[in-house]
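Asks: I would like to see how this sequence folds:
(3 chains)
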Amino acid sequence: MRLIAENLGGERGGERLFSGLDFTVSPGEALLVTGPNGAGKSTLLRIIAGLLLQADGTLRLEGAPDAYEGLVAASHYLGHLNAMKPVLSINENLRFWQEFNGTGQHSIEEALEFVSLGDIGHLPFGYLSTGQKRRASIARLLISDRPVWLLDEPTAGLDKASELQFARLMQSHLNEGGIIIAATHLPLGLDGARELSLGAVV
Amino acid sequence: MGALFLRDIRLGLRAGGGALVGILFFLAVIAVVPFGVGPDLKLLARIGAAMLWIGALLATLLGLDRLFQADRDDGSLDLLIMAQGRHLLALTVLVKCLAHWTVSVLPLVVASPLLGLFMNMEPAAIGATTLTLLVGTPAITLIGAVGAAVAVSLPRGGLLVSVIILPLTIPVLIFGVSASYGAVEDPAPFLAPFLILAAITLFFAVLGPLAAAAALKSSAD
Amino acid sequence: MSDAVSKTGRWIDLANPTRFLSLAGAVLPWLSGMTMIVLAAGFWMSMQAPDDYQQGATVKIMFIHVPFAWLSMMCYTIMTVAALGTLVWRHPLADVSAKAAAPIGAVFTALALITGSLWGKPMWGTWWVWDARLTSVFVLFLMYLGIIALTRAMDDPAKSAKATAILTLVGFINIPIIKFSVDWWNTLHQPASVIRIGGSTIDPSLLWPLLVMAIGFTLLFFTLHMMAMRNEIWRRRVVAMRRVAARSAERRPVQ
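Replies: Numbers count the residues shown, from 1 in each chain, chains lettered A, B, ... in the order given. The predicted structure is shown next:
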């Protein structure tokens, strides 16, 4: 399984943000997309997630497991927004995404333990603090299996301890042969992550 | 899909009583009519079916703009669109429409016999109007889904959705009201307009979700 | 709950929710017992009351209809006082009282409309007419529902309290205007057919059961209102405790 981008170009609102991007990500590899604000980090991730059309170039996932048809079906996307409903409890939110996206190797209880929210799964999502919300949203990545994780500023709002914890979760995903593409301006604490710098050359 | 239906129903019931607001709007619209046309019971009985239909139409349009916008605001819509490999996006839209109809429009249908009494309608007319509302209002929701999907990325799409949807719902209104009158006025037929109404609903059950899904796919940015 | 206490300062000693809870616990058994006794007596007296020579047995609907109608108005008055309490005196319980009263008032108003409608069918030959009194009671019902919708639409009790109070006050001024405006402009229908029955022309054999029933239902209202206020206070405490639970889950060391 390899994620291959060739001559990828992206634009937003008619403005060309990047072009001619070539990269290959193999199993167990993490690609950190860095660059100043407005360089097109989020746009690149949304293009890979199939939510935006690329301006030119191709994107494909070679040798994906049979369970997933194509790149989008094999991807988890963690955007700026948490995709959770404040009036529903954490458990209800996660149970919905688990039933909608398919059951993975971790149960909801395990996933909440991994992000240290094990005791408060019954609380409405709206009661949580920013960091807790982010962690509940990270738990969503664990309850359904996807080999490719697309993370847009995943550590926004997390404190130091939670960042470390999340780094461990990402590392174990990589160790199992997963792929991570993360837009970030903070080091995520991953060993041997490659870096793709956007906006350096315009 | 069942999970999505249940989630949307739960949200509709929990999030600030949206269903209650729809019914309240319906009640208020019907209550205003006698103030406008005067308390003449014969006149009210004659226009009753039409007023119930117009009231239900407006009340149905009321909450439609939130159909996809709520999901867009918290990022859920991205994930629903991304899951189209597992769940056909048109089917997702259809399920969302059904959940929306069950929470916010079905109560209107249930309340309409009571309002029929306020309008001094005869039992047969009340029954026919309720039945046509039950069959016809899903079409309004399904047409509305197209408008809601088109306007999903607009910050203040609420009024716009109603404005672009209202002309499209006119056929539903025509056949709904004519079937309601057909049940009580002798020469007018009931079955023919009623079947056409049912056909419109079935037609939009296919076209609405497909068009809305296409609009949602292109709206993502 | 906790923010309601902190913002009020000197009212704490006079009417803090904790003291209200213990008061309600002490008073409620007596109040509900009295309600049951008076209502039972009222029902028995209503059964004994003679039938009207014109209306027959249907006149007995009056024994519940008139108390319901009276309570629908009294409840709104209580809510108006509570609204003033929220806006002017910033009493911590005023907002709880208004929020708890609204659904009860809506139910009594609905019951008044339904019993009136059931009474109207044999008397007037129709379930509903748009005369001044019926119309203004119906508008009152809509006002209740609007207030309930507003209280439920906002998450934060402190925010919804003021908005609801303002709406309640505006409604209190608006209801008489609606009442008089329909009186003046919609004169097509039997103007005082309902009011006459409640007037002084009534026979004592009907008046006494009616009075007892009115007292019984008023007691019932206060019982329900006190229970609903207690529930609302408890509900706010649960919400506050759950928020604390969410915060304190964070202070634990992450393993």
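Asks: look up how far B:G55 lies from whichever residue of chain B sits closest to chain A.
Replies: Using C-beta to the nearest C-beta, B:G75 is the residue of chain B that sits closest to chain A, at 2.8 Å. Placement of C-beta: from N, CA and C, glycine included. B:G75 is 35 Å from B:G55, where distance means C-beta to C-beta, to the nearest Å.
Asks: which one of the two is surrounded by more residues?
Replies: More crowded of B:G75 and B:G55, by other C-beta atoms under 10 Å in any protein chain shown: B:G55, with 25 against 18.
Asks: setting aside sequence neighbours, what's the nearest residue to the more buried one?
Replies: B:V29 (4.1 Å; C-beta to C-beta, 6 or more residues apart in numbering or on different chains).
Asks: same check, this time on A:N7
Replies: With sequence-adjacent residues excluded and distances taken as C-beta to C-beta, 6+ apart, A:N7 is closest to A:G57, at 4.0 Å.
Asks: in chain B, which spans are helices?
Replies: Taking DSSP state H as the criterion, chain B carries its helices at B:2-14, B:18-37, B:41-62, B:66-73, B:76-82, B:89-100, B:106-118, B:123-150, B:158-165, B:170-182, B:191-219.
Asks: kindly report the same for chain C.
Replies: For chain C, the helices defined by DSSP H cover C:2-8, C:12-15, C:17-48, C:61-84, C:94-124, C:132-153, C:157-185, C:195-198, C:204-251.
Asks: what is the mean pLDDT for the first one?
Replies: Put plainly, it is helix C:2-8. Averaged across helix C:2-8, the pLDDT comes to 43.
Asks: pull the helix or strand with minimum mean pLDDT from chain A.
Replies: strand A:194-197 (a mean of 82; mean pLDDT, DSSP states H and E).
Asks: ok, back up a step: nearest to A:S75 among the helices of chain B would be which one?
Replies: helix B:76-82 (7.0 Å; C-beta to C-beta).
Asks: centre of the chain to the closest one, how far?
Replies: Put simply, helix B:76-82 sits 24 Å off its chain's centre (C-alpha atoms, centre = their mean, to the nearest Å).
Asks: possible to save the helices of chain B as a markdown table with mean pLDDT?
Replies: As requested, the helices of chain B are arranged in a markdown table below (pLDDT from 0 to 100):
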| stretch | mean pLDDT |
| --- | --- |
| helix B:2-14 | 85 |
| helix B:18-37 | 84 |
| helix B:41-62 | 89 |
| helix B:66-73 | 86 |
| helix B:76-82 | 89 |
| helix B:89-100 | 92 |
| helix B:106-118 | 90 |
| helix B:123-150 | 92 |
| helix B:158-165 | 84 |
| helix B:170-182 | 91 |
| helix B:191-219 | 91 |
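Asks: low-scoring stretches of chain A, by residue?
Replies: A:200-202 (pLDDT under 70).
Asks: mind listing the helices for it?
Replies: A:41-48, A:70-73, A:90-101, A:108-114, A:130-143, A:160-175.
Asks: go through these and name the closest to A:A64.
Replies: helix A:70-73 (7.2 Å).
Asks: buried residues, that closest one. List them.
Replies: By neighbour count on 16 or more other C-beta atoms under 10 Å in any protein chain shown, the buried set for helix A:70-73 is A:L71, A:V72, A:A73.
Asks: those: which ones sit near chain B?
Replies: Residues of the buried residues of helix A:70-73 in contact with chain B (C-beta under 8 Å from any C-beta of the partner chain): A:V72, A:A73.
Asks: and the helices of chain A: which comes nearest B:K96?
Replies: Between those, helix A:90-101 lies closest to B:K96; by C-beta to C-beta that is 12.0 Å.
Asks: what packs against that closest one?
Replies: helix A:108-114, helix A:130-143, helix B:2-14, helix B:76-82 (3 or more C-beta pairs under 8 Å, 6 or more residues apart in numbering or on different chains; DSSP states H and E).
Asks: the same query, at a cut-off of 6 Å, please.
Replies: helix A:130-143, helix B:2-14 (3 or more C-beta pairs under 6 Å, 6 or more residues apart in numbering or on different chains; DSSP states H and E).
Asks: quick one: that helix to helix C:204-251, angle?
Replies: For helix A:90-101 against helix C:204-251, the angle by axes from the mean of the first three to the mean of the last three C-alpha atoms, to 10 degrees is 80 degrees.
Asks: could I get helix A:90-101 in PDB with only the CA atoms?
Replies: What follows is helix A:90-101, C-alpha atoms only, in PDB (Å, rounded to 0.1, in the frame of the first residue of the first chain):
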ATOM      1  CA  ILE A  90     -19.700  11.400  24.000                       C
ATOM      2  CA  ASN A  91     -20.800   7.800  23.900                       C
ATOM      3  CA  GLU A  92     -23.800   8.500  21.700                       C
ATOM      4  CA  ASN A  93     -21.600  10.600  19.300                       C
ATOM      5  CA  LEU A  94     -19.000   7.900  19.100                       C
ATOM      6  CA  ARG A  95     -21.600   5.100  18.700                       C
ATOM      7  CA  PHE A  96     -23.100   6.900  15.800                       C
ATOM      8  CA  TRP A  97     -19.800   7.300  14.000                       C
ATOM      9  CA  GLN A  98     -18.900   3.700  14.800                       C
ATOM     10  CA  GLU A  99     -22.100   2.400  13.300                       C
ATOM     11  CA  PHE A 100     -21.900   4.700  10.300                       C
ATOM     12  CA  ASN A 101     -18.200   4.200   9.500                       C
END
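Asks: that helix: which residues count as buried?
Replies: A:I90, A:N91, A:E92, A:N93, A:L94, A:R95, A:F96, A:W97, A:Q98, A:E99, A:F100, A:N101.
Asks: burial measure for the closest residue to chain C within chain A, as a count.
Replies: Distances between chain A and chain C by C-beta to the nearest C-beta are smallest at A:A161, namely 4.1 Å. The tally of other residues near A:A161 (other C-beta under 10 Å) stands at 14.
Asks: how near is it to chain B?
Replies: Counting by C-beta to the nearest C-beta, to the nearest Å, the gap from A:A161 to chain B is 25 Å.
Asks: residues from chain A in reach of chain B?
Replies: Contact residues (C-beta under 6 Å from any C-beta of the partner chain) of chain A with chain B: A:49, A:51, A:69, A:72-73, A:77, A:79, A:81, A:83, A:85, A:87, A:96, A:99-100.
Asks: closest to C:A106 among these?
Replies: Of all the residues of chain A next to chain B, C:A106 sits closest to A:V87, with 23.2 Å by C-beta to C-beta.
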